[in-house]
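Participant: please work out how this folds:
(chains A, B and C)
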Amino acid sequence: METKDMIKIEKYFSTHDIDSVADWVEEAITIKKNPLGYKEYGQNKTIAMLFFNPSLRTRLSTQKAAVHLGMNVIVMNFNGEGWSLEYNDGTIMDQGTSEHVKEAAQVVSQYCDVLAIRAFASLESKEDDYSEKVIKSFVKYASVPIINMESATAHPLQALTDAMTITEHMTKKRPKVVFSWAPHPKPLPQAVANSFVEMIKRMDVDFVCTYPEGYELARHITEGVTTTHDQEAALKDADFVYVKNWSSYADYGKVLSTDTSWKMTAKKMELTNNAKFMHCLPVRRNVVVDDEVLDGANSLVIEQANNRTYAAQLVLKKMLE
Amino acid sequence: METKDMIKIEKYFSTHDIDSVADWVEEAITIKKNPLGYKEYGQNKTIAMLFFNPSLRTRLSTQKAAVHLGMNVIVMNFNGEGWSLEYNDGTIMDQGTSEHVKEAAQVVSQYCDVLAIRAFASLESKEDDYSEKVIKSFVKYASVPIINMESATAHPLQALTDAMTITEHMTKKRPKVVFSWAPHPKPLPQAVANSFVEMIKRMDVDFVCTYPEGYELARHITEGVTTTHDQEAALKDADFVYVKNWSSYADYGKVLSTDTSWKMTAKKMELTNNAKFMHCLPVRRNVVVDDEVLDGANSLVIEQANNRTYAAQLVLKKMLE
Amino acid sequence: METKDMIKIEKYFSTHDIDSVADWVEEAITIKKNPLGYKEYGQNKTIAMLFFNPSLRTRLSTQKAAVHLGMNVIVMNFNGEGWSLEYNDGTIMDQGTSEHVKEAAQVVSQYCDVLAIRAFASLESKEDDYSEKVIKSFVKYASVPIINMESATAHPLQALTDAMTITEHMTKKRPKVVFSWAPHPKPLPQAVANSFVEMIKRMDVDFVCTYPEGYELARHITEGVTTTHDQEAALKDADFVYVKNWSSYADYGKVLSTDTSWKMTAKKMELTNNAKFMHCLPVRRNVVVDDEVLDGANSLVIEQANNRTYAAQLVLKKMLE
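Facilitator: Modelled structure (predicted):
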């Protein structure tokens, strides 16, 4: 065990909780080679996973990661199985909420060693979502490390996975990575986009972000990033093309365009340097991306999903050191 | 370990995946005698159980079986907890479905060693149901063994349980087994009936299937089977009476009759050779069968349910060899 | 291991299943000091936890307790995941219920070593609720020990926790314990109140129960207990103040009053002997109790919730001896 492995983390709320992207990616890739080699870390330790929203990859890969580490797993769908939570201080709770997060977070902390939470953006209020009241309340009141399994504005487990996948597949020193908006019939959160951009900014790549007018991400996210509304220009010579929809930040939570011309096609991929195709999944076929791209030899989406396990395992391991 | 134990199976989709009914039944009965004797099979292995429909026996007995084998268990209710899946190829997914089964099955396979799925018949389209699009899609795209925990047209874990229960309780060489339709207020799938008939055809028993007009099962199921609309004639000298409702196959998914005269009663059981009574459960009392039959000394229904654990354990063991 | 530890219990349905409150509390406190010291009790044992209602503390603490004992845990939300149950005998089940508890309880018993059940009061019929038909049906038909995780009229895991918490925090021989009703916008069951009063009657404390007119608990519960409608008089010199809402027993299941003057306040707490504040949670802030009391140095609510784990662990251990 090297010294750098021994830095214990107290939360994994955003990519800012990563001290060194390169070191984390390297260690995640090491774990992938021998995932069962760390069973002693989780002995007699319990993770509680609280879901306020649907989940497939995150739910299963995080459980698998915990199991690799020998942990006990408690899964709870908070809506339906639990009580509806109050997040505001000083409220007279005579309306719909039954329990304050202050109690819930303190109490749940006593039953586990790590607490993982999924709580999507409401997309109704930019202020509420970008204040991250749900997960920040848990971080504030919990007495155990918290893992963000996708919050209103961030999905750092996905971003770590993405950094790992790019690192595994890059064949030159400073690859060109293009992050492109794509159409979608429903308004989606900016969480994946935010975390991906924040992560990629810390990697040694040539990065371009492309989206239609009105789809600018928050300024603090894209600060220092090359952005363009010209998708085809962006794609030129790309080594990696990551496609993802998000709803408008400016006109918050709105679908401004379902312009199908932004869909990723095989023809557009020809503009690239035989680029690898990435998406976090779930993906709407032939809306976000054409079948032939998703099913093509250069698609990394299934391997990306597989890497979720090792990203989660790394984060858990760092909390258990 | 005998050689026959060592045949690893890649899927348990229907009773056709059983190479030898007699051998499987024998081995399931052996497991029942010492269920904890196989803990090494599941070490560091994980089963993911995906439910698209309610389940009591299947949910609990399959988990118990996995635990007996030392496996880790991940349970997921796909509806509500996950994304709604698309099953058709080439669809422009701009409507209700969020993820294609092609991704879902490939991705989930990466998080487990065995994948078990429950996906009932819709009873809306015979073509859709009998094409088994849900479970066959998973079988097609998954990279790990798949267990059918009741699909649109088959419930092979139940059928294996039933074969095991009959074998344990038969007191003569070639017992008479009667499978009788019974009334039910709601339309039920043909899955249990199909798998039971397919299984029993491969056993050395005198088999009769009885149901009212209009309730014929699919021709490929009852091919070679003695059938009759005369329930009382069928029951004569029976050693086992298995009762089950199903909806019409011809007039697909319809309840054609709730004729209470088809209910199993103590009086009808008197026509038999002191027959054992069987049902897969859940059962509607005094609609499908009278209390006194279900509660009588000859009722095997609770033991049948118990055998679900060992049937599931055998199938899992064969996948883990 | 002392002899008194070795008394195996067959059910934990109410506080009456406790032979000696003092001994149980002492042993729970012993377990708390070394919760991982009993791993051999649960080897190859499985608990099935069936929920008919929401749960946070009970769900997580009971799982944690089982994990401490080395048990396997199967959790099931009966509504939604299972079949709707029939509880009456002799019914012709041609309506909404799909399975009789007689089968369900017998069957589930075969898949586990301990069965834990949560089934709240309906608050529609006093007769139905106080006959405890759900949990008593399971007790009647199950073949394994049953734990009450809050039934219509009792919450004995909470009461054991409360006795433990009071014992840990009492600083004199015979402390004064006040149990006070508090307002709540919705009708709540009497389960927590009933079990707390039944438990406290068996402890060597000076006990007073206070509530507005119309909120008398069932006579057999408060028999022998000092009760008063004068909250402030009750609070005088109290060492412990336990606050809890319940709906009317006389005018069954009704909210007769939301009189905010019954809310617990810092000013009222000044009437006490620097009393510790208790509540079972979830609690509606500033309706049941003011923030400053709940957040004050004398509040035991978080520690109370923590003790749930050890109360559950003791009950499980007694079933596994």
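
Participant: list the contacts for residue A:135?
Facilitator: Going by C-beta atoms under 8 Å, 6 or more residues apart in numbering or on different chains, residue A:135 touches A:13, A:117, A:119, A:146, A:148, A:151, A:152. For the C-beta atoms, the positions are set from N, CA and C on the backbone; glycine is no exception.

Participant: quick one: pLDDT of it?
Facilitator: Residue A:135 is assigned 94 on the pLDDT scale.

Participant: still on that earlier bit, between the contacts of residue A:135, which sits nearest residue B:298?
Facilitator: residue A:117 (53.1 Å; C-beta to C-beta).

Participant: so what does residue A:206 have for phi and psi?
Facilitator: Phi and psi for residue A:206, reported as degrees, to the nearest 10, are phi -90, psi 110.

Participant: from what I see, it and residue A:178 are in contact.
Facilitator: No - Residue A:206 is not in contact with residue A:178 according to C-beta atoms under 8 Å; the separation is 9.2 Å.

Participant: looking at the two, which is more packed in?
Facilitator: With neighbours defined as other C-beta atoms under 10 Å in any protein chain shown, residue A:206 and residue A:178 compare such that residue A:178 has more, 26 against 13.

Participant: next, count neighbours for residue A:207.
Facilitator: With other C-beta under 10 Å as criterion, residue A:207 counts 21.

Participant: er, residue A:128 I mean
Facilitator: 15.

Participant: which SSE is it in?
Facilitator: Here residue A:128, judged by DSSP states H and E, is contained in helix A:126-131.

Participant: in JSON lines: the contacts of residue A:135, plus neighbour count, distance to residue C:38 and secondary structure.
Facilitator: Below are the contacts of residue A:135 laid out as JSON lines (neighbours: other C-beta atoms under 10 Å in any protein chain shown; distance: C-beta to C-beta, whole Å; DSSP: H, G, I helix; E, B strand; the rest coil):
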{"residue": "A:13", "neighbour count": "21", "distance to residue C:38": "35", "secondary structure": "coil"}
{"residue": "A:117", "neighbour count": "25", "distance to residue C:38": "30", "secondary structure": "strand"}
{"residue": "A:119", "neighbour count": "22", "distance to residue C:38": "35", "secondary structure": "coil"}
{"residue": "A:146", "neighbour count": "24", "distance to residue C:38": "29", "secondary structure": "strand"}
{"residue": "A:148", "neighbour count": "28", "distance to residue C:38": "34", "secondary structure": "strand"}
{"residue": "A:151", "neighbour count": "28", "distance to residue C:38": "37", "secondary structure": "coil"}
{"residue": "A:152", "neighbour count": "25", "distance to residue C:38": "41", "secondary structure": "coil"}
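
Participant: intersect the residues you listed with the contacts of chain B.
Facilitator: Among the contacts of residue A:135, none lies close to chain B by the criterion of C-beta under 8 Å from any C-beta of the partner chain.

Participant: mind listing what residue A:78 touches?
Facilitator: A:50, A:51, A:52, A:85.

Participant: so what's the second one bridging to?
Facilitator: On DSSP bridges, the residues paired with residue A:51 through beta bridges are residue A:77, residue A:118.

Participant: now the last one
Facilitator: Residues found in beta-bridge contact with residue A:85 (criterion: DSSP bridges) are residue A:99.

Participant: give me the pLDDT value at it.
Facilitator: 95.

Participant: go on, the second one?
Facilitator: Residue-level confidence at residue A:51 comes out at 95, pLDDT.

Participant: I'd say it and residue A:81 touch.
Facilitator: No - counting by C-beta under 8 Å, residue A:51 sits too far from residue A:81 to count as a contact (9.1 Å).

Participant: neighbour count winner among these two?
Facilitator: residue A:51 (23 against 19).

Participant: okay, and the helix or strand of chain A with the least pLDDT?
Facilitator: Least confident helix or strand, chain A: helix A:78-81 with a mean of 79, by mean pLDDT, DSSP states H and E.

Participant: the longest helix in chain A is where?
Facilitator: Secondary structure assigned by DSSP state H gives helix A:301-320 as the longest helix of chain A.
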